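Asks: Here is the input, now give the coordinates:
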Amino acid sequence: MTATTERTPAATITPAADTPRERATRYLFAGLRLALGWVFLWAFLDKVFGLGFATETKNAWINGGSPTRGFLTHGTAGPFKDFYAGMAGAAWADWLFMIGLAAIGTALMLGIGVRVAAAAGGLMLVMMWTAALPPTNNPFMDDHLVYAAVLAVLALVNAGDTWGLGRAWAKLDIVQRNGWLR
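Replies: Predicted structure coming up:
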């Protein structure tokens, strides 16, 4: 004797409609994702072109400046100061930093690969936090740790699905086989 079970195909199950609170929450997380994406993407653009905010035009990467030299030489403090100072201006550090800023910012802005972007962005932010220990305005907490926590939340709630390409991205075979790419 064999048992047979009937299943309703997933395609026929309609998700419950969003409540106003759920919709507002999705929009809030999407806005946070876009805001943090812009923080990373802007840092990349400013360091490449020297748009006059954190980076002067003469220090732009396209003008021969190093995106890591200034901060890692003059902005570091605490127990890891020498570790980070040793990386200052190294070509490999410049390239990794800039690729990271561009990739994290782009992924967050588009809403694709948010989990990978959150992990990489969180790592970058925690490293920046450790580069200047202790923080100047608080014994422990600063904006780098807050941003890292927000990135983790954005990954957990699939924030790329709202105002982003996250839903379409999630349908790709490679993403379905490798959930960490979500």
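Asks: Let me know whether Ile62 touches Asp46 as I believe.
Replies: No. Look at Ile62 against Asp46 with C-beta atoms under 8 Å: they stay out of range, at 11.7 Å. For the C-beta atoms, the positions are set from N, CA and C on the backbone; glycine is no exception.
Asks: Compare neighbour counts for the two and give me the winner.
Replies: Neighbour count, other C-beta atoms under 10 Å: between Ile62 and Asp46, Asp46 has more, with 19 against 10.
Asks: what's near enough to touch that one?
Replies: Going by C-beta atoms under 8 Å, 6 or more residues apart in numbering, Asp46 touches 53-55.
Asks: go on, Gly89?
Replies: Per C-beta under 8 Å, 6+ apart, neighbours of Gly89: 66, 68-69, 72-73.
Asks: Val153 too?
Replies: Taking C-beta under 8 Å, 6+ apart, one finds 29, 159 in contact with Val153.
Asks: Over to Thr55?
Replies: 46-47, 65, 67.
Asks: Next step: those residues restricted to strands.
Replies: Using DSSP state E, no member of the contacts of Thr55 falls in strands.
Asks: for these, which one is nearest Asn137?
Replies: Asp46 (22.9 Å; C-beta to C-beta).
Asks: Flag the shaky bits of this structure, pLDDT-wise.
Replies: Filtered on pLDDT under 70, the chain yields the residue ranges 1-16.
Asks: What's the local residue count around Val39?
Replies: So Val39, with other C-beta under 10 Å, has 17 neighbours.
Asks: Am I right that it is in contact with Tyr147?
Replies: Yes. Val39 is in contact with Tyr147 according to C-beta under 8 Å; the separation is 7.5 Å.
Asks: Flag every buried residue along the lengthiest helix in the chain.
Replies: Longest helix of the chain, by residue count under DSSP state H: helix 20-49. Within helix 20-49, the residues scored as buried using 16 or more other C-beta atoms under 10 Å are 26, 29-30, 32-34, 36-37, 39-41, 43-48.
Asks: Relative to the whole chain's centre, how far out is that helix?
Replies: Centroid displacement of helix 20-49 relative to its chain, using C-alpha atoms, centre = their mean, to the nearest Å, is 9 Å.
Asks: Selecting buried members of the contacts of Gly89 in PyMOL, what would you type?
Replies: Buried residues among those (16+ other C-beta under 10 Å), as a PyMOL selection:
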select buried, resi 66+68+69+72
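Asks: Closest to Pro79 out of the contacts of Gly89?
Replies: When the contacts of Gly89 are compared against Pro79 (criterion: C-beta to C-beta), the nearest one is Leu72, at 14.9 Å.
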